[in-house]
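In: Starting from these lines, generate the structure:
(chains A and B)
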Amino acid sequence: MTIDQQLEFLRRGTTEIINEDDLAAKLKLGRPLRVKLGVDPTAADVTLGWAVVLRKLRDFQKLGHIACLVIGDFTAMIGDPSGKSKTRKQLSREEVQANVDAVSQQFFKILDPERTEINFNKDWLGKMTFEDVIRLCSRYTVARIMERDDFTKRFQEHKPIAMHEILYPLCQGMDSVELRADVELGGNDQKFNNLVGRVLMEQYGQEPQVVLLCPLLVGTDGKEKMSQSLGNYVSITDSPRDMFGKTMSIPDERISNWFELCTDVPMTEVAEMLGPGKNPRDAKIRLAKEIVSLYHSAELADEEEQYFIETFSKRTQVTEAEEATIPGDLVQEGGIPLASLIGALGLAPSNGKARDLIKQGAVALDGEKVSDPFAKFAPPDLAGKILKVGKHQFRKLNFNN
RNA sequence: GGGGAGUUGCCCGAGUGGCCAAUGGGAACAGACUGUAAAUCUGUCGGCGAACGCCUUCGCAGGUUCGAAUCCUGCACUCCCCA
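Out: Got it, this is the predicted structure:
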């Protein structure tokens, strides 16, 4: 590949590269570049949103470069400033390692382990003395820190900003210095932090890193950015069924964006699928299949398409579902109250809510709506039946005496 | 250091002694309609209980009162102005 082709390849699915000339120059060096990506050690699941950046990192690996992951076990104490100014407790290396181990398995569904380096920023940030910290702080000004729109906004709204929070960008910048990063990848919200890295690297006599930003994937709600805490996410470890279903629930306006960021389907093809006279639903099915194929397999993707069409489009009675055993201690004279069963199986947060759901007509047994919130059933009458709660929760009941 | 304002349910926010489990909005959930889309309409939205009801919740801890989210005291935290 020529340098131009490489640039073209890397540019796909990014919002900004600061700056392209520097990147071209670095690519010309002909050596493997060190491409940094910061990782929060508390995260449990890799979401499709996170995968956007990981996939870009993989693109660099494909060109022969090295992925330098920085596990923010030190910076986790601060947490990326978001209005919660609590200092979190420091995680022990063992705790961090356990998280990292769990998450790396997911990483390597995307990344090439041979070209991945894992670092922990506690190794250098944790060793800085107070004097080092003061010297570091002297290299940056309050005004520049306050440029961060998050800080600006909170300041204007009279919301608290704790002192340690403003150290966060500096910490991340020090990571780049320590790793001698050539490139730093990040989501669009990381722009400020990553740029601080550029400034600090120059201050420490290094060539500034190139910053490459990826757009944030909007979650399944179509509004907020995808995140675990908002519950609008698809995890790359989700079952094929969930992955397919969640993808089908995104608003139409997001289809194109999801194709661009989550799949390798050429955008010209996507434009075609969404063209005039086409049903966006079909494009969405294709999208769901692409995603399932990527993290599971094409076969499973086909199966899920069938299941989806049968169950939700044609509304055919479901015959197979996750098995659930009826807890024996629910059995009482006159049968098991259905609401209690729903609560006990975790299909509703409480029995009261379960009753509400029944009243609202959200509960069915083998396709037959149950509308009496106090309905009771004898276990043998329940065994083998499919319990449906809400739009998409199904359980096949069984009972052991 | 001085003066002032504030802390309510997932979020925002009303409530200043009983009619408050606490108005309203948003979010969320369910139903109808559909393409598990959007829009719209309807309903639910602290826990337990079949129900009268009971329990827990309005920063934390005490107190006054027959009765407190509402009054008093102390503590914690936040914001503003002055230095």
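In: Going by C-alpha atoms from here, please, whenever you check contacts or count neighbours.
Out: Fine.
In: mind listing what residue A:31 touches?
Out: Residue A:31 is in contact with residue A:65, counting by C-alpha atoms under 8 Å, 6 or more residues apart in numbering.
In: Surely residue A:225 touches residue A:218?
Out: Yes: contact criterion C-alpha atoms under 8 Å: residue A:225 and residue A:218 qualify, at 4.2 Å.
In: out of those two, which sits in the busier spot?
Out: Taking neighbours as other C-alpha atoms under 10 Å, residue A:225 and residue A:218 compare with residue A:218 leading, 20 against 17.
In: Quick check: that one vs residue A:250, distance?
Out: Look at residue A:218 and residue A:250: by C-alpha to C-alpha, to the nearest Å, they are 9 Å apart.
In: Tell me the residues of the stretch 151-300 of chain A that contact RNA strand B?
Out: A:155, A:158-162, A:221, A:241-242, A:244-246, A:248-252, A:279-281, A:284 (C-alpha under 7 Å from any atom of the strand).
In: Return the subset of those residues lying in helices.
Out: In helices, defined here by DSSP state H, the members of these are A:155, A:241, A:242, A:244, A:245, A:246, A:248, A:280, A:281, A:284.
In: which of those lies closest to residue A:385?
Out: For these, the minimum distance to residue A:385 (C-alpha to C-alpha) is 20.3 Å, reached by residue A:241.
In: count of residues packed around the closest residue to residue A:91 other than its chain neighbours?
Out: Leaving aside its chain neighbours, residue A:91 sits nearest to residue A:73 (6.8 Å; criterion: C-alpha to C-alpha, 6 or more residues apart in numbering). Residue A:73: 27 surrounding residues under other C-alpha under 10 Å.
In: is it true that residue A:73 touches residue A:96?
Out: Yes: counting by C-alpha under 8 Å, residue A:96 is a contact partner of residue A:73 at 6.7 Å.
In: Pull up the overlap in contacts between these two.
Out: Counting by C-alpha under 8 Å, 6+ apart, the contacts common to residue A:73 and residue A:96 are residue A:41.
In: tell me the phi and psi of the residue nearest to residue A:91?
Out: Reported as degrees, to the nearest 10, the phi and psi values for residue A:73 are phi -70, psi -20.
In: per-residue confidence for it?
Out: For residue A:73, the model assigns a pLDDT of 87.
In: The one 4 residues further on too?
Out: At residue A:77, the predicted lDDT confidence score is 77.
In: what's the next secondary structure element after the helix or strand containing residue A:70?
Out: Using DSSP states H and E, residue A:70 sits in strand A:66-71. Proceeding N to C from strand A:66-71, the next assigned helix or strand is helix A:93-107, under DSSP H and E.
In: which residues make contact with the helix or strand following that following helix from outside it?
Out: Proceeding N to C from helix A:93-107, the next assigned helix or strand is strand A:116-120, under DSSP H and E. Outside of strand A:116-120, the residues within contact range by C-alpha under 8 Å, 6+ apart are A:66, A:67, A:68, A:69, A:70, A:71, A:72, A:73, A:74.
In: 7 Å - rerun?
Out: A:66, A:67, A:68, A:69, A:70, A:71, A:72, A:73 (C-alpha atoms under 7 Å, 6 or more residues apart in numbering).
In: Kindly indicate which of those lies nearest residue A:49.
Out: Nearest to residue A:49 among the contacts of strand A:116-120, with distances taken as C-alpha to C-alpha, is residue A:69, at 17.1 Å.
In: Can you get me a residue count around residue A:68?
Out: Residue A:68, neighbours per other C-alpha under 10 Å, totals 22.
In: just residue A:241 next, same as before
Out: Counted with other C-alpha under 10 Å, residues neighbouring residue A:241 total 18.
In: Mind pulling up the pLDDT for it?
Out: At residue A:241, the model reports a pLDDT of 93.
In: just residue A:43 next, same as before
Out: Listed pLDDT for residue A:43 reads 64.
In: again with residue A:84
Out: pLDDT, residue A:84: 56.
In: same thing with residue A:88?
Out: You'll see residue A:88 listed with a pLDDT of 66.
In: Check residue A:250 too.
Out: Note on residue A:250: pLDDT of 95.
In: Kindly report the same for the one 3 residues further on.
Out: You'll see residue A:253 listed with a pLDDT of 92.
In: which residues in chain A form strands?
Out: In chain A, the segments counted as strands under DSSP state E are A:16-18, A:34-39, A:66-71, A:116-120, A:183-187, A:210-214, A:323-325, A:336-337, A:363-365, A:368-369, A:376-377, A:386-389, A:393-398.
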